[in-house]
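A.B. asks: Kindly generate the corresponding structure for this input.
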Amino acid sequence: METESQESILGAGMVRRSFLRYAGIGVASVGLLATAACHKDHSVHPTSGTIDLGATGDVAILNYAYALEQLEAAFYLQVTATPYSGISSSESALLTDIRDHEVLHREFFKAALGASAIQALTPDFSSINFSSRASVLAAAAAFEDTGVTAYDGAGYLITTPAYLLIAGKIVSVEARHAALIRDLITPGSFAGPDVVDTTNSLNKSASIADVLKIANGYLKTKVSAVNYGYTAS
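C.D. replies: Next up, the predicted model:
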């Protein structure tokens, strides 16, 4: 069912080429990114069932984003395939839109990384009750808030302007998702003090190690970042 859903999304929505235009860079630019990635010194081979992001550098950060987008895409594909009890038509439409965004984000990073991409990750959503609105939205809030803090926390590590441009555009969309989900849970909570520093009105950020600790709780295929201070247990 999931494969059919993904094919339908990519067929009915923006295909890879149109998404690249939407993102603001051309196919040739992505080709250059993938070529550059292939010449970086990195290791993406699993060790004892764990996938490591590899040596520090832009490729590792792109794979970090790719891992998170894989997780989010898998979550929303499940949410829309098995809607929770009592879901309204408006909520269904909103969650479907978010699903489409996350699938396209995932496919963008996969295409940009090419042969340097980490393998497809296997999610573990056993802790989520997909028939419960409260459980689904709580998980969605955790994924979206974590995703935004992840991009904000790793942005300074990106050295290639084209990568940074794309990261900025994607995190902007993720922040819109986060605000929407939080508002569905509690109206008016779109920018609570738990995610926005009230002193300077800046979104909070999180380290790669802290983010992967959370993400790995929803992954059968664990991700580590030895060169960024995190070894998956």
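A.B. asks: if I pick the residue most central in space within the chain, what's in contact with it?
C.D. replies: Nearest to the mean C-alpha position of the chain, by CA atoms, centre = their mean, lies residue 69 at 2.4 Å. Residue 69 sits next to 102, 105-106, 109 when contact means CB atoms under 8 Å, 6 or more residues apart in numbering. All C-beta spots, glycine's among them, are computed from the backbone N, C-alpha and C.
A.B. asks: That one and residue 143, how far apart?
C.D. replies: Using CB to CB, to the nearest Å, residue 69 is found at 10 Å from residue 143.
A.B. asks: go on, residue 86?
C.D. replies: Separation of residue 86 from residue 143 (CB to CB): 21 Å.
A.B. asks: Mind checking which of the two has more residues around it?
C.D. replies: Shown here are residue 86 and residue 143; by other CB atoms under 10 Å, residue 143 has more neighbours (24 against 9).
A.B. asks: That one should be in a helix, yeah?
C.D. replies: Yes. When DSSP: H, G, I helix; E, B strand; the rest coil is applied, residue 143 is found to be in a helix.
A.B. asks: Tell me, how many residues neighbour the residue nearest to it when sequence neighbours are not counted?
C.D. replies: The shortest distance from residue 143 to any non-neighbouring residue, by CB to CB, 6 or more residues apart in numbering, is to residue 72 (5.3 Å). Residue 72 is flanked by 27 other residues according to other CB under 10 Å.
A.B. asks: Quick one: distance of the host helix or strand of residue 72 to the chain centre.
C.D. replies: Per DSSP states H and E, residue 72 falls inside helix 58-81. How far helix 58-81 lies from its chain's middle: 4 Å, per CA atoms, centre = their mean, to the nearest Å.
A.B. asks: Over to stretch 109-125?
C.D. replies: In terms of CA atoms, centre = their mean, the centre of stretch 109-125 is set 11 Å apart from its chain centre.
A.B. asks: Please identify the buried residues of it?
C.D. replies: The neighbour-count check on stretch 109-125 (16 or more other CB atoms under 10 Å) flags 109-113, 116-118, 121, 123-125 as buried.
A.B. asks: what's the answer for stretch 92-102, then?
C.D. replies: By neighbour count with 16+ other CB under 10 Å, stretch 92-102 contains the buried residues 95, 98-102.
A.B. asks: Nearest to residue 232, out of these: which one, please.
C.D. replies: Nearest to residue 232 among the buried residues of stretch 92-102 is residue 102, at 22.6 Å by CB to CB.
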